[in-house]
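Take a look and give me a structure for this.
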Amino acid sequence: RDGRTVSRPPPPPPPPPPPLLSPSPLSVSLLRMGGVSEGDDVLARWSDGLLYLGNVKRVSACGSVFAAGVEEVCCICDAPPLKEPLINCLKCRHGYHPECHTPTIEPEADSDSWICRQCVFAVATKRGGALKRGRFARLMQFMKLRLPYQLSSLDWDPQHLTNQQQCYCYCAGPGEWNLKMLQCGSCGQWFHEACTQCLTKPLLYGDRFYQFQCSVCTKGPETIQRLPMTWVDLAHLVLYHLSLCCKRKYFDFDHEILSFTNENWDSLLLGALSDTPRQDRCHNLLNALNSHKDRFVSGKEIKKKKCLFGLQVRAPPPLTSDSSPLITDPPINITHRRRSEKFAQQLQVRLR
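Numbering: from 1, shown residues only. Purely as a prediction, here's the structure:
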């Protein structure tokens, strides 16, 4: 009031952006387990195969209300014990009829130490690949020998990329085929990176350059083999990955495309290309971008800087033996922004 300026504390920083996941339906099996009420904290499986902590909100007047003290029922079939007793999971305490669980609970299972499929996957699934050692890794490998659904009952699109039921992987959760998933070469089902135990390095978005077989088809551990890639494939894959992570079309060659490639060189598992000296990678990548105008567009073609490159069509790189047409992603609002010092924080894609 006396004319002096009063300083105010700065406003709190905005919340972090949500993960790059499609708003697909949640796993119904998790929401059914034991019944849930408004305000409950639950684990919900998202399209990357991982579980996220959520809170139940009422979205309509037809929400179910569960009375306290009701008789315990099987969380799969909702039937009481009757003739067949329920076995409770050590971690979540939900009860199962032995025949309702996948795989069937063995008669000699110890009710004091038995852990259900959902809890095994909740612990073992990780970004970059599931656990490979320890008790939960062994339990997960055993659980993965059978799918908790009938694969033949799924309705697929002509390219066998998506199904109407949004049911994928060992976990029966939703998924997006181009967002870090592997397709089994035998059964054709898609599997989340987070649920597989065969990967040595994390996947890039749209990376289908693998020959993979799931545990159901091998009746044991998964098998995987890296397919050969060309410089054109590599340039396409890097641009597609960056475009999804940054939600931009054009990227600076030196500071973004080449920098990302060099920083993640060992994680890309490039086979014959991996021995390329660092000083030669620039020429090979630049030549691929400039000589394949059917895939890439240069900034100079649209009156921008010639050091900028983007994809003609925002789609994952096709496999050499893949004769199907390019499957494009939904359009996004493309804006070009000058490179800033916050690029590394914005990208958040450096592989660990």
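
now the strands for the stretch 201-350 of the chain?
210-213, 223-226, 251-252, 296-298, 308-311 (DSSP state E, counting those that start in this stretch).

For the first one, which residues meet the burial criterion?
Buried residues in strand 210-213, counting neighbours by 16 or more other C-beta atoms under 10 Å, are found at 210, 212-213. No exception for glycine: its C-beta is placed from N, CA and C like everyone else's.

Let me have these in CSV, extended by pLDDT and distance to residue 280.
CSV is the format used below for the buried residues of strand 210-213 (pLDDT from 0 to 100; distance: C-beta to C-beta, whole Å):
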residue, pLDDT, distance to residue 280
210, 97, 26
212, 98, 30
213, 98, 35
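
now the strands of the stretch 201-350 of the chain in CSV, with distance to residue 104?
Listed next are the strands of the stretch 201-350 of the chain as CSV, based on distance: least, C-beta to C-beta, whole Å:
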stretch, distance to residue 104
strand 210-213, 24
strand 223-226, 26
strand 251-252, 51
strand 296-298, 52
strand 308-311, 48
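
out of the ones you listed, nearest to residue 268?
strand 223-226 (9.5 Å; C-beta to C-beta).

Please name the strands paired to that closest one in the sheet, noting orientation.
strand 210-213 (antiparallel) (DSSP bridges).

any idea how far the strand it pairs with is from the chain center?
Its chain's C-alpha centre and that of strand 210-213 lie 16 Å apart, by C-alpha atoms, centre = their mean, to the nearest Å.

try stretch 265-280
The answer for stretch 265-280 is 25 Å, by C-alpha atoms, centre = their mean.

sorry, back to before: out of the buried residues of strand 210-213, who's nearest residue 128?
residue 210 (14.5 Å).

Okay, now the unreliable bits of the protein?
1-37, 43, 45-49, 58-70, 320-352 (pLDDT under 70).

switch the cut-off to 80
In the predicted model of the chain, residues 1-71, 82-83, 300-304, 320-352 satisfy pLDDT under 80.

Would you map out the domains in it?
22-55+72-151+164-175, 231-318 (automatic domain parsing).

Would you mind putting those into CSV with distance to residue 189 and mean neighbour count alongside?
Conversion of the domains of the chain to CSV gives the following (distance: least, C-beta to C-beta, whole Å; neighbours: other C-beta atoms under 10 Å):
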stretch, distance to residue 189, mean neighbour count
domain 22-55+72-151+164-175, 6, 17
domain 231-318, 18, 17
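
so which of the ones you listed gets nearest residue 217?
Using C-beta to C-beta, the nearest of the domains of the chain to residue 217 is domain 22-55+72-151+164-175, at 10.2 Å.

Now find how far off-centre that closest one is within its chain.
For domain 22-55+72-151+164-175, the distance to the chain centre is 18 Å (C-alpha atoms, centre = their mean).

buried ones in stretch 196-210?
Applying 16+ other C-beta under 10 Å to stretch 196-210 flags 196-199, 202-210 as buried.

again, but for stretch 218-233
With the criterion 16+ other C-beta under 10 Å, stretch 218-233 contains buried residues 222-223, 229, 231-233.

Please enumerate the helices of this structure.
28-32, 117-124, 135-143, 215-218, 231-246, 259-263, 278-291, 343-347 (DSSP state H).

follow-up on the earlier one: please convert the buried residues of stretch 218-233 to CSV, extending it with distance to residue 142.
Below are the buried residues of stretch 218-233 laid out as CSV (distance: C-beta to C-beta, whole Å):
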residue, distance to residue 142
222, 13
223, 17
229, 34
231, 42
232, 42
233, 36
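
between those, which is nearest residue 249?
residue 232 (18.4 Å).

My read is that that closest one contacts residue 288, right?
Yes: with contacts counted by C-beta atoms under 8 Å, residue 232 reaches residue 288, the gap being 4.6 Å.

how much space between the nearest residue to residue 193 once chain neighbours are set aside and residue 202?
In space, and not counting its chain neighbours, residue 193 is closest to residue 180: 4.1 Å by C-beta to C-beta, 6 or more residues apart in numbering. Going from residue 180 to residue 202 by C-beta to C-beta, to the nearest Å gives 8 Å.

shared neighbours of these two, which are they?
residue 193 (C-beta atoms under 8 Å, 6 or more residues apart in numbering).

Please verify my assumption that residue 136 contacts residue 124.
Yes: judged on C-beta under 8 Å, residue 136 makes contact with residue 124 at a distance of 4.5 Å.

that older thread, just give me the closest of the buried residues of stretch 218-233 to residue 293.
Closest to residue 293, out of all of the buried residues of stretch 218-233 and judged by C-beta to C-beta, is residue 232, at 11.6 Å.

Report the contact partners of the closest one.
Counted by C-beta under 8 Å, 6+ apart, residue 232 has contacts 288, 292, 295, 317.

what's the second one sitting at in phi/psi?
As for residue 292, its main-chain torsions (degrees, to the nearest 10) stand at phi -130, psi 80.

if I look at the closest residue to it other than its chain neighbours, how far off is residue 218?
Nearest residue to residue 292, sequence neighbours excluded (C-beta to C-beta, 6+ apart): residue 232, at 5.4 Å. For residue 232, the distance to residue 218 equals 32 Å [C-beta to C-beta].

One more: residue 179?
For residue 179, the distance to residue 218 - C-beta to C-beta - is 24 Å.
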